[in-house]
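Undergrad: Just the structure for this:
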Amino acid sequence: MSDGVHIVVSVLNRTALSLNLNIRSPRRGRVWSSPKVPPVDLNCRPKAALRDSQAHHKSGRCPPIGRGVSTPAGGHCAAGMIRSEMPSGPNARWEWLRAPVFADEAKTHEAFLLNVIVWSMVLVPPPYVLFTLLRTPQFSGRALVQGAFGEVINGVLLILLRRGAVRLASVLQVAALFAFMTATAMTLGGVHSPAYQLGYSLAIVIVGVLIGVRGAAVVTLAAIICGFIMQSRGASDALLVSERASVWIVSVVIFPVIAVVQYLASRTVRNALERASVGEQKFRLLADASFEGIIIHDQGVIVEANQRFAELFGFARAKDLVGSDRDDRFLTPESQAGQVAGSETGAEVEVIGVRRDGSQFPAEMQARAIEYRGKVRQAVAVRDITERKRAAAERVKLEQSLSRAERLESIGRLAGGVAHDFNNLLTAIMGNVSLMQEELRGDPGIAERLAEVMQASEGAARLTRQLLTVGQKQATRPELLDPNKVITDTQRVLLRLLGAQVDLHTKLGEGVGELVMDPVQLEQILVNLCVNARDAMPAGGGLEIRTDRTNLGPEDARAFSEAQPGDFVRITVSDTGTGMPDDVLSHVFEPFFTTKDAGQGTGLGLATVHGIVLQNRGVVRIFSEVGKGTRVEVCLPRASEANAGSASA
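TA: Numbers count the residues shown, from 1 in each chain. Presented below is the predicted three-dimensional model:
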């Protein structure tokens, strides 16, 4: 008896160990792990099957319970049962064989073990009935009843298991097994029966695995009591009585030993699982603490993901991604297909990430091969580079603005220097012409020609003054002024310049503050901007002048060398004209640049505005779109108490 008992204990404990520790099935390539981590089907599945599975989840129906991973929809079924992914292909038909998964890990562990035991018991009655029919047909009726009753019990246990009543199913399983072994032993041999010697040993091990040491103690005590009753019955022959008593005494020793050995084996397995769980928790903690999204995939099927990856792609939980197709989360231009293939060796590749709601974002992907759960798989790290892309675009834009500002400043200095020298020459020319007009007043022909020379010289002088303004070398007389008042005073002149086809509106803000600058320069700004707007509306249109108060930060003022961050008065001139394309917009402030026909303009209007704004430590910005008009914003620093006092003095 002892040899048979030890064999049963050894086999069952090895079975229990294999059920808790990771083992590999050589036939299907499936990794069975501890109940803490539900096993995942790692076979490569067709993308169409994956899409069918995802469509099944979106329908809102709870799929059959199995040891898969939870659906993207999340949530739980009845009794705290986690929704599981419906496997596709050949695995779908065997889904009903798998144990359910619960939110409680201990409950999941017990359900997994009970599911294996129940299905093992399902296989026992058929060969038992068949053997009885062939060898002992006189007992076939009893065997059929026992087999049918056993299958009914197994069916009830499976129903309870699927409904979440795991502990009740465990108790009924042990009770049914103990009752069957007791009935068999009572009718066939008593303590000499294999049902007593091996069946009770099996019941003790099973109850220890499912319920624990307390359940094993109860079954052990019940087995000893039943054994005492059995050995008390039977023939009264002294030898037989002695044999029955000896067997019972041995069982009194062996049954507790089996319970203790099973307890020690279970504790060893439990400690190993706890150590593995601690290691897994450390790994999960480090993975979830990463600022990068990380997944592990096997031939494109995601088998592990951290929380950061779930957040990047719009999922509430990382487990919702397990079992999905990696390619559903990334879009790659055809030109980069080779680079993505190269990313498997560690190269960084830019891809387009696709969130759960279909929105997209730029991402950077890097991958390398690792060994994970006994198989070589790909670990992929993903970073959201939206901010980096935005910063790079802003940097390029700022560099272009700085380059344009430096170019305009250089052109302005050149124009100002040339204008200064040319102004000196004009002074000499106009002085000599004036003297000649006095001396040759009696000769009408010569006087007329001298008048034409003087008129041309005066036009050149006006052009020179504009160039001096562009070069910020024009002499000014700054004073404290109200921009709203200057605009109101200039409005009559502007109406005459614009004509009847242009409808002028003003929206002057209250409390915008005062400026310290030459009022003539402010009038020049208004006149030049309004004349440019008029020319952009040959068929007429609307023109609006608006004032308000704004605050410019370092980024806004960086492209203008003299401007300082702070409070500004913003004067906005908007029109409904033809607008300008980007290639024209980047040159509008350059001297002598014009889009008008020859002889229609000098190209100094906006250059003059730019020079005046820079001379007064301001900022000018222009926004235009073809067919939608143009908006020019002139931001001039508000007068502080210090510069207001100096201007009034």
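Undergrad: C-alpha from now on. contacts and neighbour counts both.
TA: Fine.
Undergrad: so where is this protein shaky, pLDDT-wise?
TA: Across the chain, the ranges flagged by pLDDT under 70 are 1-93, 279, 332-346, 401-423, 461-476, 558-562, 592, 596-603, 641-649.
Undergrad: Buried ones in whichever strand or helix holds Met121, by neighbour count?
TA: Secondary structure from DSSP states H and E places Met121 in helix 105-122. Buried residues in helix 105-122, counted by 16 or more other C-alpha atoms under 10 Å: 107-119, 121-122.
Undergrad: I'd like to know which elements that helix is packed against.
TA: Counting contacts by 3 or more C-alpha pairs under 8 Å, 6 or more residues apart in numbering; DSSP states H and E, helix 105-122 is packed against helix 140-162, helix 166-187, helix 200-210.
Undergrad: ok and that helix relative to helix 200-210, angle-wise?
TA: 150 degrees (axes from the mean of the first three to the mean of the last three C-alpha atoms, to 10 degrees).
Undergrad: Show residues contacting the helix or strand following helix 105-122.
TA: The first helix or strand that comes after helix 105-122 along the chain, using DSSP H and E, is helix 125-135. Contact with helix 125-135 is made by 139-140, 143-144, 146-148, 150-151, as judged by C-alpha atoms under 8 Å, 6 or more residues apart in numbering.
Undergrad: Can you report phi and psi for Gln360?
TA: Here is the backbone geometry of Gln360 (degrees, to the nearest 10): phi -120, psi 160.
Undergrad: Roughly how far does the residue nearest to it when sequence neighbours are not counted sit from Ala363?
TA: Spatial nearest neighbour of Gln360, excluding adjacent residues (C-alpha to C-alpha, 6 or more residues apart in numbering): Val354 at 4.6 Å. Plainly put, Val354 is 10 Å away from Ala363 if you go by C-alpha to C-alpha, to the nearest Å.
Undergrad: Just list the residues touching Gln231, thanks.
TA: Taking C-alpha under 8 Å, 6+ apart, one finds 190-191, 241, 244-245, 248 in contact with Gln231.
Undergrad: Please repeat the previous calculation with a cut-off of 7 Å.
TA: 190-191, 244-245, 248 (C-alpha atoms under 7 Å, 6 or more residues apart in numbering).
Undergrad: Could you dump those residues into TSV and include secondary structure and neighbour count?
TA: TSV is the format used below for these (DSSP: H, G, I helix; E, B strand; the rest coil; neighbours: other C-alpha atoms under 10 Å):
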residue	secondary structure	neighbour count
Gly190	helix	25
Val191	helix	27
Arg244	helix	22
Ala245	helix	18
Trp248	helix	25
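Undergrad: Farthest-apart pair in the residues you listed, please.
TA: Gly190 and Ala245 (11.3 Å; C-alpha to C-alpha).
Undergrad: Would you confirm that Ala575 contacts Arg534?
TA: Let me fix one detail, which is that residue 575 is Asp and not Ala. No. Counting by C-alpha atoms under 7 Å, Arg534 is not a contact partner of Asp575; they are 8.3 Å apart.
Undergrad: Which one's more surrounded, those two?
TA: Between Asp575 and Arg534, counted using other C-alpha atoms under 10 Å, the more crowded position is Asp575 (27 against 23).
Undergrad: Now that one. Nearest residue, chain neighbours left out?
TA: That would be Leu543: by C-alpha to C-alpha, 6+ apart, it lies 4.5 Å from Asp575.
Undergrad: What strands flank the stretch of helix or strand that neighbour belongs to, and is each parallel or antiparallel?
TA: Assigned by DSSP H and E, Leu543 falls within strand 541-552. Here strand 541-552 is paired, per DSSP bridges, with strand 502-508 (parallel), strand 566-575 (antiparallel).
Undergrad: which one of these lies closest to Glu387?
TA: The nearest among the strands paired with strand 541-552, by C-alpha to C-alpha, is strand 566-575 at 26.3 Å.
Undergrad: can you pull the buried residues of the closest one?
TA: Buried residues in strand 566-575 (16+ other C-alpha under 10 Å): 567-575.
Undergrad: Moving C-terminal from it, which element do we reach first?
TA: With elements assigned by DSSP H and E, the helix or strand that comes after strand 566-575 is helix 582-585.
Undergrad: ok now that next one, how far from the chain's centre?
TA: Remark: helix 582-585 is offset 37 Å from the chain centroid, using C-alpha atoms, centre = their mean, to the nearest Å.
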